[in-house]
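S.K.: Any chance you can model this:
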Amino acid sequence: MTVTAEMVKQLREQTGAGMMDCKKALSESDGDLEKAKEILRKKGLAAATKRAGRTASEGLICSYIHMDKIGVLLEVNCETDFVARTDEFRRFAREIAMHIAAANPAYLSRDAVPEEVIEKEKEIYRDQVKDKPGHVVDRIVEGKLEKFFAETCLMEQVFIKDPEQKKKVGDVVTGMISRFGENIVVRRFTRYQLGEEI
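M.R.: Residues are numbered from 1 along each chain as shown. Predicted structure coming up:
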């Protein structure tokens, strides 16, 4: 099938990938737009995985204040100052800060959750299902722990701006790595809520 400029344009608008990448993906998929998107995602994820180990020492600190009641400070790093100064990177950082304001994550990732917190959660879950048979308890506890991570860890939370409510924040970061061709790291954040310590 002949790949037209209109098809390339449409795929580019939907994925944000480069023109040549879109053209190759459409050729590989015989003009099937959905298959082409899948090809681009696979290539992007593979490339993003390679870039994840590279040093990201540039970036920005973003602030977001919601109705003078909630404030977020967020550090997002990338590899070059060139990327850090783009409007798209700034918009991305702001959207992550808005997500933090709305979703109130307690930790950056599951690696940041202290071991004692995990053990305490497991203890609570085991107590909740102590009447179940032993072989079932461990599976239930693991399932509840996964749900705990999905609710409290930023990178595991479903991104609030995803209309389909399927993408996690980690997936959005991976997509940006693929888009910019640089390692991008959400380094740390602090969320303040008026009167929360009172």
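
S.K.: what about T174, distance to A84?
M.R.: Between T174 and A84 the distance is 18 Å, computed by CB to CB, to the nearest Å. For the C-beta atoms, the positions are set from N, CA and C on the backbone; glycine is no exception.

S.K.: Same question for I177.
M.R.: Distance, I177 to A84, using CB to CB: 14 Å.

S.K.: between these two, which one's more packed in?
M.R.: The neighbour count for I177 versus A84, taken as other CB atoms under 10 Å, is higher for I177 (24 against 19).

S.K.: Surely the more buried one forms part of a strand?
M.R.: No. Per DSSP: H, G, I helix; E, B strand; the rest coil, I177 lies outside any strand segment and is helix.

S.K.: Could you tell me how many residues sit around V172?
M.R.: Number of residues near V172 (other CB under 10 Å) recorded here: 19.

S.K.: now swap in the one 10 residues further on and tell me
M.R.: Residue neighbour count, defined by other CB under 10 Å, stands at 21 for E182.

S.K.: hang on, it in a strand?
M.R.: No. Using three-state DSSP, the assignment for E182 is coil, not a strand.

S.K.: Wait, it touches C78, no?
M.R.: Yes. Between E182 and C78 there is a contact under CB atoms under 8 Å: 5.2 Å.

S.K.: least trustworthy helix or strand in the chain by mean pLDDT?
M.R.: Ranked by mean pLDDT, DSSP states H and E, the helix or strand of the chain with the weakest confidence is helix 33-51, at a mean of 67.

S.K.: Following element in sequence after that one, please.
M.R.: Once the chain leaves helix 33-51, the next helix or strand it forms, by DSSP states H and E, is strand 58-66.

S.K.: Quick check: pLDDT value at G16.
M.R.: On pLDDT, G16 comes in at 61.

S.K.: Identify each buried residue in stretch 76-94, please.
M.R.: V76, N77, C78, E79, V83, A84, F89, F92, A93, R94 (16 or more other CB atoms under 10 Å).
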